[in-house]
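Chemist: my questions concern the predicted model and sequence given below.
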Amino acid sequence: MAQNNTEKKSSSLWRSIKQNKACYAMLAPFMIFFIVFTVVPVVMSLPMGFTDFNMAQPPKYVGLSNYTTLFLSDKIFIRSIRVTLVFALFTGPISYILCFLLAWLINELHPKLKTVFTLIFYAPSMANVYTVWQLIFSGDMNGYLNSFLINLGLINSPVQWLTDGRYVLGVTIVVQLWISLGAGFLALRAGFQNIDRTMYEAGAIEGIRTRWQELIYIVIPSMGSQLMFAAVMQIVSSFTAGTVAQNLVGFPSTDYKAHTIMTHAYDYGWVRYEMGYASAICMILFVVMYALNRLISKLLSKYMD
Amino acid sequence: MSQINTAKLKASNRQAGRKIGGTVAIFIFLTVLGLFMAMPIYLTVIMSIKPVEELFIFPPKLYAVRPTLDNFRDMFEVLHQNRVPFSRYVFNSIFVTLTVTLCQCVFASMAAFVLAKCKFPGSRLLNHIIVIALLYQSNVIYIMQYMVMAKLRMIDTYAALILPSIASPMGLFLMRQSISQVPDSMIEAAKVDGAGYFRICWQIVMPNQKPALMTLIIFAFQAAWNIQTGALVFQEQYKTLPTVVTQAASSGMARAGIAMAAAVFMLIPPIIVFMIAQKQVIETMAHSGIKE
């Protein structure tokens, strides 16, 4: 009887797979590349956190020792957690709100102005201009910021923006915010543009008068998917940031003040070639981001209903 | 009846009925913030046309006293010293970028439609895997990816530059989020009319997805345009523009001018694509697909 049931189940599964073969065919082109170049490498990298792997010799299984070292004796890692949290707490929510606010405000303008402003706010994330930031924050009097502040009489001698431990994290956060109006921002812009016009008309009939009412009763409820997309992008970019600090305030930064978890992973992975340890670091970061992602998607879906 | 008509009339005057002061305030706010945002890029452009002796004077000026294209000339001169003609790098970059962008958009759109709108065994799992792939950022992945490519004998060919970038979880996620807003009734109606999934996707759903698709084109183009050849290819003839331009500009501050010129030069194509695609996005006036 039980066997009969499972047989029935598997045959109905088979039937439903056959029924949906068009779906699988349309998925196939993407999935082939996705599996070969993303899924296989990810699955291969999962167990690395439990090994000692220096790229020259085959990985050696070491159990949980990478993780115990990380939490019990790696002081710089503990510090990098704090830096990452401060960094993410500042850049994540602020840039998420900025993305939405700017996308909405731009939407209120004339179509010609929309393109110009979208470009101005998006361009920083396209450009790779660390050199110019180094010149702006340069520690001598030639630095743009220093010479500007000296001219205003606010400071007497140049400030070492990029090497003074008090400023490096702040400078990094500013530059990160500057480049953070990226994928999420553009997706939200597209979302605004795709809202059904008839919704506004219906809203006007029902007595919506101001921009605020329109935003709260019409726009936000119909942009759930884009808000979710932007949230995921924001989580990833604020938690995995590291390149900005490395390019700007040096590596390692003064007193490890701008040393994020990702920088720590880079340090062990690509400088010391301790790939197993670096993988363990990345795994911890992944768990944190995944939990946060679940939380935000719960919150958003609750709000949308 | 007439009441509804006046209401409709009012609704169509929605923009006109707004307080003009609010719009002006928004404009001023965005302009001030925009000036701040545009500053570093403005400085990059200015520095790329400053002669060397102007780059390090005090106090630094916000404009070029004697603008020159010397930095660009120097950059191209350095590039022309390579064994392979410059046009070859341009061809490589264009070929790689167009192939990746086209495949990414077509494949991601189809897969996104299926994942957003079809229920089949495995659909929930696949949706979940895409988000995990977005969040999982191990720095070991690149090594593993490299091992896969080496096994497939792709190193030192165009395939190494193109194939790994085709399936982008971010692109799929973007399209899936957007397509999921299409009302199910629209797809059901098309099914009743006898259309298959392939036709529903391309003739009914995708024409309504212009904003998301154009946004994906911007992302895909930008990412593909900046693909660094790194250890993927060793032969000079397969290298792309970002690689050789970075090489030309990477000699510290002495070549700051060239670095600025390189940054400006590499930024031009993505900005052109951005302008064209954004124009399409903004021209979209969404209408409900279901009309009585």
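Modeler: Cool, got the structure. Quantities reported herein were computed from a predicted structural model and do not represent experimental measurements. Residues are numbered from 1 along each chain as shown, chains lettered A, B, ... in the order given.

Chemist: residues of the stretch 201-305 of chain A that sit close to chain B?
Modeler: Within the stretch 201-305 of chain A, the positions adjacent to chain B are A:201-205, A:211, A:222, A:225-226, A:228-229, A:232-233, A:235-236, A:240, A:262, A:265-266, A:269-270, A:275, A:278-279, A:282-283, A:285-286, A:289-290, A:293 by CB under 8 Å from any CB of the partner chain. Yep, even glycine has a C-beta here, placed from its N, CA and C like the rest.

Chemist: mind giving me the PyMOL command for buried ones among these?
Modeler: Taking 16 or more other CB atoms under 10 Å in any protein chain shown as the burial criterion, the selection of buried members of those in PyMOL is written as:
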select buried, chain A and resi 201+203+204+211+222+225+226+228+229+232+233+235+236+240+262+265+266+269+275+278+279+282+283+285+286+289+293
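
Chemist: show me the residues of the stretch 201-305 of chain A next to chain B that map onto strands.
Modeler: Restricting those to those inside strands, with DSSP state E as the criterion, leaves an empty set.

Chemist: what sits against residue A:17?
Modeler: A:24, B:120-121 (CB atoms under 8 Å, 6 or more residues apart in numbering or on different chains).

Chemist: let's go with 7 Å and repeat that
Modeler: Residue A:17 makes contact with residue B:121, according to CB atoms under 7 Å, 6 or more residues apart in numbering or on different chains.

Chemist: what helix or strand is it located in?
Modeler: For residue A:17, the element it lies in under DSSP states H and E is helix A:2-19.

Chemist: rounded mean pLDDT for that helix, please.
Modeler: Predicted confidence along helix A:2-19 averages 74 (mean pLDDT).

Chemist: over to stretch B:172-190?
Modeler: The predicted confidence, averaged over stretch B:172-190, sits at 90.

Chemist: now stretch A:245-257
Modeler: For stretch A:245-257, mean pLDDT is 79.

Chemist: try stretch A:212-231
Modeler: 86.

Chemist: if you count neighbours, what's buried in stretch B:100-119?
Modeler: Neighbour-count burial for stretch B:100-119 flags B:100-101, B:103-105, B:107-118 (criterion: 16+ other CB under 10 Å).

Chemist: residue A:147 contacts residue B:60, correct?
Modeler: Yes. Counting by CB atoms under 7 Å, residue A:147 does reach residue B:60; the two are 5.9 Å apart.

Chemist: looking at the two, which one has more neighbours?
Modeler: residue B:60 (22 against 17; other CB atoms under 10 Å in any protein chain shown).

Chemist: nearest residue to the more buried one in space, please, no chain neighbours.
Modeler: Nearest residue to residue B:60, sequence neighbours excluded (CB to CB, 6 or more residues apart in numbering or on different chains): residue A:144, at 5.5 Å.

Chemist: distance of that neighbour from residue B:67?
Modeler: Taking CB to CB, to the nearest Å as the criterion, residue A:144 is separated from residue B:67 by 19 Å.

Chemist: and if you look at residue A:225?
Modeler: For residue A:225, the distance to residue B:67 - CB to CB - is 46 Å.

Chemist: these two touch, right, residue B:284 and residue A:191?
Modeler: No. Residue B:284 lies out of contact with residue A:191 (CB under 7 Å); the separation is 11.2 Å.

Chemist: which one of these two is surrounded by more residues?
Modeler: Between residue B:284 and residue A:191, counted using other CB under 10 Å, residue A:191 has the larger neighbour count: 27 against 16.

Chemist: quick one: residues contacting the more buried one.
Modeler: A:223, A:226.

Chemist: output the strand or helix carrying it as CSV, nothing but the C-alphas.
Modeler: In the assignment (DSSP H and E), residue A:191 maps to helix A:183-193. Listed next in CSV are the C-alpha coordinates belonging to helix A:183-193 (Å, rounded to 0.1, in the frame of the first residue of the first chain):
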residue,chain,number,x,y,z
ALA,A,183,21.5,49.1,-8.6
GLY,A,184,18.8,49.7,-5.9
PHE,A,185,18.4,53.3,-6.9
LEU,A,186,18.0,52.5,-10.6
ALA,A,187,15.6,49.6,-9.9
LEU,A,188,13.4,51.9,-7.8
ARG,A,189,13.5,54.5,-10.6
ALA,A,190,12.3,51.8,-13.0
GLY,A,191,9.6,50.8,-10.5
PHE,A,192,8.2,54.3,-10.3
GLN,A,193,8.1,54.5,-14.0
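
Chemist: ok so, going back, confidence score at the residue nearest to residue B:60?
Modeler: Residue A:144 is assigned a pLDDT of 82 by the prediction.

Chemist: just to check, it is in contact with residue A:136?
Modeler: Yes. Using CB under 7 Å as the test, residue A:144 is close enough to residue A:136 to be in contact (4.5 Å).

Chemist: so which residues of the stretch 151-300 of chain A form helices?
Modeler: Per DSSP state H, counting those that start in this stretch, the stretch 151-300 of chain A has helices spanning A:168-179, A:183-193, A:197-205, A:211-214, A:224-239, A:243-248, A:261-266, A:275-304. These are given in chain order.
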